[in-house]
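**Student:** this is a predicted model, with the sequence first.
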Amino acid sequence: MLKQVGTMDWITTLGFIGPGLAEGLAAAGTTLGIAAATATGIPVVAEDPGQRGRVFILAFLPMTQTLVYGFVYMFLMYYMILPNILAKHGGALTPEIAGAVFGISLFVGLAEMFSAWMQGRVCGQAAAQLIKTKGGIFGTGIILAAYEELFGILGMVFGLVIAFMVAGW
């Protein structure tokens, strides 16, 4: 698929590192988010095992940035957008396009990372209040966590829109 061109080059390689980096940053944010949610959720479950299901759900929410948004971005870049760009440019990326792909991917990865991380903090705070509210805070916690989720969605969508523009679509 890739044509060996003089410097095939570190420039093309840089472009191809980008989407994987986006997924990696999303995974890092998910890890931080889950850690934040579980750190406050575990004592809640220890005190009231009946809250276990709610804590599991709250701790799961930061995974969407990795399992959905980061993965969808990476998949579309590797299997749709980058092959189209390569076909148009003889099997290699120009420095401008490689830099753009890397930069867009860094933007998407950071959006996913911070979205997941902060969502985990929100979920942790909701989990911490489950006993005090007898589970009543759960719905509100999900809604507040969805606000953080929105930034992950927007990061993916904005990144794909810009990538489609770079690809000439």
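**Tutor:** Ah, there it is.
**Student:** and the closest residue to residue 24 other than its chain neighbours, which of the three is it?
**Tutor:** Distance criterion C-beta to C-beta, 6 or more residues apart in numbering; nearest residue to residue 24, sequence neighbours excluded, is residue 109 at 6.9 Å. For every residue, glycine as well, the C-beta is placed using N, CA and C. Three-state call for residue 109 (DSSP: H, G, I helix; E, B strand; the rest coil): helix.
**Student:** quick check, residue 109 in contact with residue 30.
**Tutor:** No. With contact defined as C-beta atoms under 8 Å, residue 109 does not count as touching residue 30 (11.7 Å).
**Student:** residues of the lowest-mean-pLDDT helix or strand in the chain that come out buried?
**Tutor:** Every helix and strand in the chain was compared by mean pLDDT, DSSP states H and E; the lowest is helix 82-88, with a mean of 92. Residues of helix 82-88 classed as buried: 82, 85-86 (neighbour count, 16 or more other C-beta atoms under 10 Å).
**Student:** now stretch 133-152
**Tutor:** For stretch 133-152, using 16+ other C-beta under 10 Å, the buried residues are 137-138, 141-142, 144-145, 148-149, 151-152.
**Student:** wait, which of the residues you listed is closest to residue 56?
**Tutor:** Relative to residue 56, the closest of the buried residues of stretch 133-152 is residue 138; by C-beta to C-beta it sits at 11.5 Å.
**Student:** which of the buried residues of stretch 133-152 fall in helices?
**Tutor:** 138, 141-142, 144-145, 148-149, 151-152 (DSSP state H).
**Student:** can you tell me the distance between the two ends of stretch 67-79?
**Tutor:** End-to-end distance for stretch 67-79: 17 Å, by C-alpha to C-alpha, to the nearest Å.
**Student:** that older thread, need the contact partners of the least confident helix or strand of the chain.
**Tutor:** Outside helix 82-88, the residues that touch it by C-beta atoms under 8 Å, 6 or more residues apart in numbering are 1-2, 15-16, 19, 92-93, 97, 101, 166-169.
**Student:** can you put these in JSON lines and add secondary structure?
**Tutor:** Output for those, formatted as JSON lines (three-state DSSP):
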{"residue": "1", "secondary structure": "coil"}
{"residue": "2", "secondary structure": "coil"}
{"residue": "15", "secondary structure": "helix"}
{"residue": "16", "secondary structure": "helix"}
{"residue": "19", "secondary structure": "helix"}
{"residue": "92", "secondary structure": "coil"}
{"residue": "93", "secondary structure": "coil"}
{"residue": "97", "secondary structure": "helix"}
{"residue": "101", "secondary structure": "helix"}
{"residue": "166", "secondary structure": "helix"}
{"residue": "167", "secondary structure": "helix"}
{"residue": "168", "secondary structure": "coil"}
{"residue": "169", "secondary structure": "coil"}
